[in-house]
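A.B. asks: sequence plus the predicted model coming up.
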Amino acid sequence: MRNLNSGDRLPVGRLKVVCVVLCGLLSVSLSASGAGKDDLLRSLRQRLEGVKAQVGVAVVFDGRDTLTLNNDVCYPLMSVFKFHQALAVGDACQRRGISFDSLMYIGREELRPDTYSPLRERYPAGGVSLSVAGLLEYTLHWSDNNACDILFDRFGGTGATDRYIRRLGLKQFAIQVTENEMHRDLEACYRNWSTPLEAVRLLELFLSGKAVGEPYAGFIRQTMIACQTGKDRLPAPLAGTKAVIGHKTGTGDRNADGRLIGTNDIGFVFLPDGRYYTIAVLVKDSAESAEATARVIADISEAVYRYAVQERQADA
């Protein structure tokens, strides 16, 4: 996720401080009411007891009722920002009047060997032309880092994606560095951040058609539903149900303190009765194992799903 924006930049240390202050000023800690939501909030807090990490949660039910927990923190997005990028690419193609079928030539030098890349594994020598849709499948379906940076190179870098999201009216986030830049400097991972609620707001804008139109939105939606990463996170408790989930994960390395920088999952869930909810669970600086951190996200997903199915059906 790297392609540094031009212009002045704060040092990473100062950036973290400013980020925390901004989130504290602009975010809400809880915007939900009613006994059912109170019970859900208690359940979420209980599930987080003893977890050695900062965990933020935001959920919007049916585009109306909002619940947040620990939202006043700036969480490193990691590969979740590939969703932001996909929307920006869709918007650019829509404005230019070009299709996701448009082809782009990929040289060998663009397929870096020192990063996660199923694209490179399939085309190690490069010299291939792939469609925008093909590259988006690699980024959204497999979270491919090389495909991500190739799209940044073709569509204006991280700056273009950041500006596009801000034009949608969102402010509690930043996208400043590419995958390659994060790989070179782990501290740079903290420069791509969001509050959980802002991630959910972006999902809501996407589902409402206000972010990007068809057929671009439909392709992104279906590709997220087919996502192959993070099956042990938000999708885990939905296995065997009739719910349909589309999501985007983000996974970071351990920082200098031995903590996982970011382990995330955001997505939308369509229930069989026509209801839906959007959800973001962002985990920052986890001292837990990767497996235990993923279980935290799955546990939260289970509680939210149970509430959505049982409590909200009872209220209908």
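C.D. replies: Yes, it's here. Residues are numbered from 1 along each chain as shown.
A.B. asks: what residues are bridge-paired with the closest residue to Leu238 other than its chain neighbours?
C.D. replies: Among residues not flanking Leu238 along the chain, Ile245 sits closest, at 5.5 Å (CB to CB, 6 or more residues apart in numbering). (Glycine included, C-beta is placed from N, CA and C.) Each beta-bridge partner of Ile245 is listed here: Val269, as defined by DSSP bridges.
A.B. asks: against Cys93, how distant is the nearest residue to Gly230 once chain neighbours are set aside?
C.D. replies: In space, and not counting its chain neighbours, Gly230 is closest to Thr249: 3.5 Å by CB to CB, 6+ apart. From Thr249 across to Cys93, the span is 24 Å (CB to CB, to the nearest Å).
A.B. asks: neighbour count winner among the two?
C.D. replies: In this comparison of Thr249 against Cys93, neighbours counted by other CB atoms under 10 Å, the higher total goes to Thr249 at 26 against 19.
A.B. asks: can you report how many residues lie near Gly278?
C.D. replies: To be clear, residue 278 is Thr; Gly isn't right here. Residues near Thr278, counting by other CB under 10 Å, number 24.
A.B. asks: sec struct for it, please.
C.D. replies: Per DSSP: H, G, I helix; E, B strand; the rest coil, the secondary structure class of Thr278 is strand.
A.B. asks: show me where the chain has helices.
C.D. replies: Counting by DSSP state H, the chain has helices at residues 12-26, 35-48, 81-96, 118-122, 132-136, 145-154, 157-167, 179-184, 196-207, 216-225, 290-306, 312-315.
A.B. asks: out of those helices, the one nearest Leu67 is which?
C.D. replies: Counting by CB to CB, Leu67 lies closest to helix 35-48 out of the helices of the chain; the figure is 5.7 Å.
A.B. asks: now do the same contact list for the residue nearest to Gly230.
C.D. replies: Shown here is Thr249, whose contacts under the criterion CB atoms under 8 Å, 6 or more residues apart in numbering are Ser79, Val80, Ser143, Cys227, Thr229, Gly230, Arg233, Asn264, Asp265.
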